[in-house]
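>>> Return atomic coordinates for the entry below.
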Amino acid sequence: MTHLSIRLFGGFHAELDSGPPLGIRRKKAQALLAYLAVRPGLARSRDSLAALLWSGTTDQRARHNLRQTLFALRRVTPGPF
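Sure thing, here's the model as predicted:
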C-alpha cells in the first residue's frame, strides 16, 4: 500500500512513501489534495468541491476546472481521485 505524506506548514510538500516530492505546482490542485486528505473517508460531491474552490465562476466553469485539476492530480499520484 502506498502512503501519501503532505506537509502544509512552511509551504506545500507532498510525497509518496518518502520518495521525491510530487510535482504539484498549481495552487488549486494543492488545495484540493490537502482538503481531501484531511478526512480521507468522507465522500464529497464534485459540485461541492467545485463550488468551494471556484466560487467566483459559473457552475459550468467550476466543474470544468475541477475536472482539469483532478486530471492533473491523477497524473502525479496513484490515489483514488
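>>> low-confidence ranges in this protein?
79-81 (pLDDT under 70).
>>> most residues in a single helix of it, which one?
The helix spanning the most residues in the chain, taking DSSP state H as the definition, is helix 59-76.
>>> what's in contact with that helix?
Defining contact as Cβ atoms under 8 Å, 6 or more residues apart in numbering, one finds that helix 59-76 is touched by 22-24, 26, 28-29, 32-33, 46-47, 49-51, 53-55, 57, 79, 81. Just so you know, the C-beta spots here come from the backbone N, C-alpha and C atoms, and that holds for glycine as well.
>>> and the residue lying farthest from the centre of the chain, what are its phi and psi?
Each residue of the chain has a distance to the centre, and by Cα atoms, centre = their mean the biggest one is for Thr58: 20.3 Å. Dihedral pair for Thr58: phi -70, psi 160, per degrees, to the nearest 10.
>>> From Val38, how far out is it?
In this structure, Thr58 and Val38 are separated by 27 Å, where distance is defined by Cβ to Cβ, to the nearest Å.
>>> For Pro78, give me its contacts.
With Cβ under 8 Å, 6+ apart, Pro78 has these contacts: 2, 16.
>>> Figure out the helix or strand that the residue nearest the centre of the chain lives in.
Residue closest to the mean C-alpha point of the chain, counted by Cα atoms, centre = their mean, is Leu33 at 2.5 Å. In this structure, Leu33 sits in helix 27-38 according to DSSP states H and E.
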